[in-house]
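[1] model this:
(one chain, ligands or ions: 1)
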Amino acid sequence: MVMRQLVKYLESEKEKGRSHVLLDADARQVLRHLASRSNAKQRDKAKAPSTTPSPSSKKIMPAPDKVEIIDLPGPDPISASLPKHEQLAQLEQQLRGWLTGNFPQSLRQTLVFSSGSPDGRVMLIGEAPGHEEEKALRPFEGPAGKKLDKILEAMGLNRDEVYVTNLVKFRPATPRQTTNNRKPSVAEVAAFMPVIREEIRIVRPQCIVALGATPLEALLQTDSTVSSMRGSWHEFDGIPVRVTYHPSYLLQSGESPAVKRMIWEDMLAVMEKIGMEISAKQRGYFLPNS
Ligand code: URA
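    Coordinates of the predicted model:
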């Protein structure tokens, strides 16, 4: 019952164009509990013999967290002796080729690959393109993208100096979709893991910034929260990973000074990691009373 009301509420928010909702630690715990109860129910149902014919002709849109397997081929090996931009172009080309195969119905068909420099010292990873990104064919274009630009500007960087990408390279679909977006499912993210791994191998940045819970969970294989994983260094395939809040979370928080400062502290750590000079003024950004 609670779950149904929650889904109804989230769907009405989505209709209004909201792509993220702010969840505190308690809310996340309640949701995890509800999800594990509903998974257990589904497992029990699956064990029971079915009494109704399966609606095999119907296309069913997977619920975001329903665990199903999407069988995509994964990228073919790309020669590491090629220049980085050529290796990335080959990877992008291979993704275009996926569209002719058994492409999951749950994703739309416009490829939004990446932006920025293949030589970027920092690689920023989000979850998936939305409406704005699909229109511009570039990751992080909407309000969250503008916020990301501001964060980079405060660091003394711009988009062309870093490499920006998403875990999932096609916008997750919803029924009768207009401008509304949805989070990629576990299976959609899993299907794209070989791609992000290859992209990381090619770019070989000095560090990765995981923006929000989806890249955190996928790269670090954990269900720990951003708040518990941010503030220290982790690792993916030998590359240091800093986890921080997604810019959308900052927007949803009403630009909370506390969230701003936490993101900024993570970015100061990133600047130190890549050997940037940090001024006293920069160190003090977003401190209370600054
Ligand atoms: N959020 C993401 O995670 N990626 C985008 O490209 C845009 C918004």
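
[2] every contact and neighbour count from this point should use C-alpha atoms.
    Will do.

[3] around the ligand, which positions in the stretch 101-250 of the chain sit nearby?
    Neighbours of the ligand within the stretch 101-250 of the chain, by C-alpha under 6 Å from any ligand atom: 126-130, 133, 139-140, 144, 166.

[4] run the last query once more with 8 Å
    Within the stretch 101-250 of the chain, the positions near the ligand by C-alpha under 8 Å from any ligand atom are 125-130, 132-133, 138-142, 144-145, 165-166, 211-212, 246-248.

[5] please enumerate the helices of the stretch 1-150 of the chain.
    Residue ranges of the helices in the stretch 1-150 of the chain, as given by DSSP state H, counting those that start in this stretch, are 2-15, 25-47, 84-98, 131-136, 143-155.

[6] if you could redo that for the stretch 151-290 of the chain, that was the one I meant.
    With DSSP H, counting those that start in this stretch, the ranges of helices along the stretch 151-290 of the chain come out as 186-203, 213-220, 226-229, 247-252, 257-273, 280-284.

[7] need those helices in TSV with mean neighbour count, can you?
    Shown next, in TSV, are the helices of the stretch 151-290 of the chain (neighbours: other C-alpha atoms under 10 Å):
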stretch	mean neighbour count
helix 186-203	19
helix 213-220	21
helix 226-229	16
helix 247-252	20
helix 257-273	18
helix 280-284	11
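
[8] mean pLDDT and distance to Pro175 for those helices - can I get that in TSV?
    Output for these, formatted as TSV (pLDDT from 0 to 100; distance: least, C-alpha to C-alpha, whole Å):
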stretch	mean pLDDT	distance to Pro175
helix 186-203	96	17
helix 213-220	98	22
helix 226-229	98	30
helix 247-252	98	23
helix 257-273	98	33
helix 280-284	98	45
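
[9] mind listing residues that contact stretch 223-239?
    Here stretch 223-239 makes contact (C-alpha atoms under 8 Å, 6 or more residues apart in numbering) with 25, 204-208, 212-213, 216-217, 219-220, 240-245, 262, 265-266.

[10] ends of stretch 197-209, what's the gap?
    Stretch 197-209 has an end-to-end distance of 14 Å (C-alpha to C-alpha, to the nearest Å).

[11] over to stretch 229-239?
    16 Å.

[12] quick check: buried residues in that stretch?
    By neighbour count with 16 or more other C-alpha atoms under 10 Å, stretch 229-239 contains the buried residues 229-231, 233-234, 239.

[13] go on, stretch 143-153?
    Result for stretch 143-153 [16+ other C-alpha under 10 Å]: buried residues 144-145, 147-149, 151-152.

[14] state the mean pLDDT of that stretch.
    When pLDDT is averaged along stretch 143-153, the result is 98.

[15] ok, and what's touching it?
    With C-alpha under 8 Å, 6+ apart as the test, stretch 143-153 has contacts from 139-140, 158-159, 246-248, 251, 264.

[16] point out where the protein drops to low pLDDT.
    Applying pLDDT under 70 to the chain flags the ranges 1-68, 290.

[17] one more time with 80, if that's ok
    1-69, 100-102, 289-290 (pLDDT under 80).

[18] at the geometric centre of it, which residue do we find?
    Ranked by distance to the mean C-alpha position of the chain (C-alpha atoms, centre = their mean), the top residue is Glu127 at 1.4 Å.

[19] list the contacts of it.
    For Glu127, the contact set (C-alpha under 8 Å, 6+ apart) comprises 166-168, 183-184, 211-212, 214-215.

[20] now do 7 Å
    166-168, 214-215 (C-alpha atoms under 7 Å, 6 or more residues apart in numbering).

[21] what about Ser106, how many residues nearby?
    Ser106: 22 surrounding residues under other C-alpha atoms under 10 Å.

[22] I'd like to know how far the nearest residue to it once chain neighbours are set aside sits from Pro194.
    Closest residue to Ser106 apart from its sequence neighbours, by C-alpha to C-alpha, 6 or more residues apart in numbering: Ala173 at 5.3 Å. Computed as C-alpha to C-alpha, the Ala173 to Pro194 distance reads 21 Å.

[23] coming back round to it: including distance to Gln282, could the buried residues of stretch 229-239 go into TSV?
    Below are these laid out as TSV (distance: C-alpha to C-alpha, whole Å):
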residue	distance to Gln282
Met229	23
Arg230	20
Gly231	17
Trp233	21
His234	24
Ile239	25
